[in-house]
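Asks: below is the structure, and that's it, no one-letter string:
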Ligand code: ATP
Ligand code: MG
């Protein structure tokens, strides 16, 4: 019988890859806490209706990417394709949005039925940030400063560019929408099938097309920026001024509309040229209208989501990144007595030195073969318990990364001190 394999587009992250993931996750959490953000943990499954109502019916996600199924009682449920809707649902449900300000983050797997390729999977991980209750441009700028700081901490700032746009208010977009439809109606022959359909339902999405054949018709379309009112313009300008003030470089991309319907005013993406067409590693924007759309009171909201797989792929392009998961100490035991004494010794070391990474050889074998495994483990120190050491009540110590070092024998209390000093 053939072995069962994983589902297409849903990947295992193997032990040799997890150190890099953990390294990135740790730095992301640190930077989020630098800005005073709190974690929220959310279900991976929500009612289908939530995504339809928030993301919008005429979007790639709702039209063709959701994993939707009937629960045993007939309710239609969906594996979350993104985190914004669920986060807002939770905050509304628990009354967190009444006259309050929140800065939240979440981390977890998202699910979209897309065509799997490098940087695009059916299960992927996102760090998401959502903030509520802040209308001022300072919070928009804060999210950009936070991400800028994150790329610097991760050593990839040179590899990413910030693209920004403003989508204005819903009213401003409506006027623009008419102008856009009028323009596209004069160029129907240049539109593909998807775009013809969107012309009626969601013409702005045509600007977001990935079809290279439509590059020209999109490039010559009217610009939303020309339709913004004073307030939207001022909001956008304040963000740009703050970025300039604090030395964060950016590009204005007037074609950036983002895939989702709920954005207003600020939208942004951090993009890289090093991952082919899956170049967006972080994307977000302001979605002031969404809270009302989901039944809450009018409120401000802005957030972003960052794709971990793409981030990790980008980290892998760095030459000088060194993330290891090696243990500090590898304990070799040969003989029945040594096995017993060794287990107790390892426990004592972990008690005395709580951050020590100590691995005990539990597979056995000759002294020579255990030394080989010690070397492979990446440990800097091998502790050796053979029959002689046990008989003398001592422990052999050998530095594995120092060719000239000879094994020396120490008493228990000396080993603890030795390890404490050598760290
Ligand atoms: P794309 O245009 O690449 O399809 P998107 O606009 O659908 O992206 P968002 O919904 O904004 O993406 O999600 C935010 C981030 O999550 C993306 O910028 C990307 O880094 C990551 N992401 C989205 N979809 C996938 C996927 N299928 N596989 C891996 N990462 C993804
Ligand atoms: Mg997509």
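Replies: Here it is on my side, so go on. Just so it is clear, the structure is predicted and the values come from calculations on it, not from any experiment. Ligands and ions are numbered 1, 2, ... in the order given.
Asks: contact residues of the stretch 151-300 of the chain facing ligand 1?
Replies: 259, 278, 280, 281, 282, 283 (Cβ under 6 Å from any ligand atom). C-beta here means a position set from N, CA and C on the backbone, and glycine is covered the same way.
Asks: how far away is the nearest residue to residue 380 once chain neighbours are set aside from ligand 1?
Replies: The spatially closest residue to residue 380, leaving aside those adjacent along the chain, is residue 401, at 5.3 Å (Cβ to Cβ, 6 or more residues apart in numbering). Counting by Cβ to the nearest ligand atom, to the nearest Å, the gap from residue 401 to ligand 1 is 38 Å.
Asks: adjust the sequence numbering to begin at 103 for everything that follows.
Replies: Happy to do that; since the first residue is 103 now, the last one works out to residue 503.
Asks: what segments of the stretch 303-452 of the chain are strands?
Replies: 353-354, 366-374, 382-388, 403-409, 431-435 (DSSP state E, counting those that start in this stretch).
Asks: now do the fourth one: distance to the chain's middle.
Replies: How far strand 403-409 lies from its chain's middle: 10 Å, per Cα atoms, centre = their mean, to the nearest Å.
Asks: tell me which other helices or strands it touches.
Replies: helix 186-195, strand 225-234, helix 239-256, strand 382-388 (3 or more Cβ pairs under 8 Å, 6 or more residues apart in numbering; DSSP states H and E).
Asks: okay, now the sheet partners of that strand, with direction.
Replies: Here strand 403-409 is paired, per DSSP bridges, with strand 225-234 (antiparallel), strand 382-388 (antiparallel).
Asks: those: which one's closest to residue 204?
Replies: The stretch from those with the least distance to residue 204 (Cβ to Cβ) is strand 225-234; that distance is 4.6 Å.
Asks: does ligand 1 have contacts with that closest one?
Replies: Yes: remark: strand 225-234 sits within contact range of ligand 1 at 226, 228, by Cβ under 6 Å from any ligand atom.
Asks: now the strands of the stretch 303-452 of the chain in CSV, with mean pLDDT and mean neighbour count?
Replies: Shown next, in CSV, are those (pLDDT from 0 to 100; neighbours: other Cβ atoms under 10 Å):
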stretch, mean pLDDT, mean neighbour count
strand 353-354, 96, 12
strand 366-374, 96, 23
strand 382-388, 97, 24
strand 403-409, 97, 23
strand 431-435, 97, 25
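Asks: would you list these in JSON lines and tack on distance to residue 246?
Replies: Shown next, in JSON lines, are those (distance: least, Cβ to Cβ, whole Å):
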{"stretch": "strand 353-354", "distance to residue 246": "12"}
{"stretch": "strand 366-374", "distance to residue 246": "7"}
{"stretch": "strand 382-388", "distance to residue 246": "9"}
{"stretch": "strand 403-409", "distance to residue 246": "9"}
{"stretch": "strand 431-435", "distance to residue 246": "44"}
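Asks: can you tell me which of the helices and strands packed on strand 403-409 is packed in deepest?
Replies: strand 382-388 (a mean of 24; mean count of other Cβ atoms under 10 Å).
Asks: list the contacts of it.
Replies: 231, 242, 245, 249, 262, 269, 360, 365-374, 377, 402-409, 412-413, 416 (Cβ atoms under 8 Å, 6 or more residues apart in numbering).
Asks: hmm, try it at 7 Å
Replies: Strand 382-388 has contacts (Cβ atoms under 7 Å, 6 or more residues apart in numbering) with 242, 245, 249, 262, 360, 365-374, 404-409, 412-413, 416.
Asks: re the thing from before, got TSV for the strands paired with strand 403-409, with distance to residue 206 too?
Replies: Output for these, formatted as TSV (distance: least, Cβ to Cβ, whole Å):
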stretch	distance to residue 206
strand 225-234	5
strand 382-388	13
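Asks: so for the closest residue to ligand 1 within the stretch 203-352 of the chain, what's the pLDDT?
Replies: For the stretch 203-352 of the chain, the nearest residue to ligand 1 under the criterion Cβ to the nearest ligand atom is residue 226, separated by 3.4 Å. Residue 226 is assigned 98 on the pLDDT scale.
Asks: and what of residue 363?
Replies: For residue 363, pLDDT reads 67.
Asks: can you check residue 426 too?
Replies: 79.
Asks: hmm, it is touching residue 124, no?
Replies: No: applying Cβ atoms under 7 Å, one finds residue 426 not in contact with residue 124, separated by 11.0 Å.
Asks: these two: which is more packed in?
Replies: residue 124 (12 against 9; other Cβ atoms under 10 Å).
Asks: distance check, the more buried one against ligand 1.
Replies: 19 Å.
Asks: three-state assignment of the spatially closest residue to residue 191 that is not a sequence neighbour?
Replies: In space, and not counting its chain neighbours, residue 191 is closest to residue 152: 5.6 Å by Cβ to Cβ, 6+ apart. Following DSSP: H, G, I helix; E, B strand; the rest coil, residue 152 is assigned to helix.
Asks: can you read off the pLDDT for residue 152?
Replies: 95.
Asks: please apply the same query to the one 10 residues further on.
Replies: Residue 162 carries a pLDDT value of 83.
Asks: can you pull the contacts of the closest residue to ligand 1 within the stretch 303-452 of the chain?
Replies: Residue of the stretch 303-452 of the chain nearest ligand 1, by Cβ to the nearest ligand atom: residue 409 (2.3 Å). Shown in contact with residue 409 (Cβ under 7 Å, 6+ apart): 226, 228, 383.
Asks: try it again at 10 Å.
Replies: 212, 221-223, 226-229, 377, 380, 382-385, 415 (Cβ atoms under 10 Å, 6 or more residues apart in numbering).
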